[in-house]
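Undergrad: Just a sequence and a predicted model for now, questions to come.
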Amino acid sequence: MSYVEVEYPQERDAFYALLTEQLALYAGDEDDLTAALANASSVIRQAFPQANWVGFYLVKGEELVLGPFQGKPAVSRIGYGKGVCGTAWKSGEAQVVEEVACFAGHIACDCNTHSEIVIPLRQADGAIWGVLDMDSVLPAHFTQRDREGLTKALAFLRRVAG
Ligand code: SME
């Protein structure tokens, strides 16, 4: 398979329709979780050129463990309730952080990062199996619309995560 460049529209409904299509194309039929998450992180990175880090952390016991990602090396384990990712896991709520310096307990992986979004990923029964984490060098780069759009666009992963 070769990747075909696409141009993402600004308008958010059209943007998320294309992102959903691209995720289905490059990760939708994959039965191996690592392969699906690797291509999903790449697709999302293409869609968010201002993101400096896009990746997944997976629930393993009492920790989130680093999964496939795009970006600089990052912390490999995050405790329950720790940092932005652990907060999303513990609270069950997506986190949209406009300025990471203002988030108590934020775990810095790249000092250029200003904003961050973390989306909990759920099994059909509601249990959280991992999170998507995305960072940007721009302040307030992610919005509540992104929270909604990413949550829906990534729901397909529950098939392979189960
Ligand atoms: N900032 C995250 C840690 C992971 S890196 O951003 C890739 C956090 O506070 O949980």
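TA: That came through, no problem. Please read these numbers as outputs of a predicted model, since none were measured by experiment.

Undergrad: how deep is the nearest residue to Trp129 once chain neighbours are set aside tucked in, by neighbour count?
TA: Closest residue to Trp129 in three dimensions, ignoring its sequence neighbours and counting by CB to CB, 6 or more residues apart in numbering: Ala161, at 4.7 Å. From N, CA and C alone the C-beta is placed, and that goes for glycine too. Other residues near Ala161 come to 18 when the count uses other CB atoms under 10 Å.

Undergrad: Can you give me the distance of Ala161 to Phe103?
TA: Taking CB to CB, to the nearest Å as the measure, Ala161 falls 27 Å from Phe103.

Undergrad: quick one: the residue nearest to Trp129 from Gly126, how far?
TA: Using CB to CB, we find Ala161 at a distance of 13 Å from Gly126.

Undergrad: next one: phi and psi at the closest residue to Tyr16 other than its chain neighbours?
TA: For Tyr16, the nearest residue in space outside its immediate sequence neighbours is Gly149; the separation is 4.0 Å by CB to CB, 6+ apart. As for Gly149, its main-chain torsions (degrees, to the nearest 10) stand at phi -60, psi -40.

Undergrad: do you know how far the residue of the chain found nearest the ligand is from Ala153?
TA: Nearest residue of the chain to the ligand, counting by CB to the nearest ligand atom: Gly83, 2.7 Å away. Computed with CB to CB, the distance linking Gly83 and Ala153 is 23 Å.

Undergrad: What residues does the chain have near the ligand?
TA: 53, 74-75, 78, 83-85, 106-107, 109, 116, 133, 135 (CB under 6 Å from any ligand atom).

Undergrad: Show me the residue at the heart of this protein, geometrically.
TA: Compute the mean C-alpha point of the chain, and by CA atoms, centre = their mean the closest residue is Leu132, 2.5 Å away.

Undergrad: quick one: strands adjacent to whichever strand or helix holds it?
TA: Using DSSP states H and E, Leu132 maps to strand 128-136. According to DSSP bridges, strand 128-136 forms sheet pairs with strand 51-60 (antiparallel), strand 115-122 (antiparallel).

Undergrad: And that strand, what's buried?
TA: By neighbour count on 16 or more other CB atoms under 10 Å, the buried set for strand 128-136 is Trp129, Gly130, Val131, Leu132, Asp133, Met134, Asp135, Ser136.

Undergrad: Selection in ChimeraX covering whichever of the residues of the chain next to the ligand are buried, please.
TA: In ChimeraX, a selection of the buried entries from these looks like this (16+ other CB under 10 Å):
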select :53,74,78,83,84,85,106,109,116,133,135
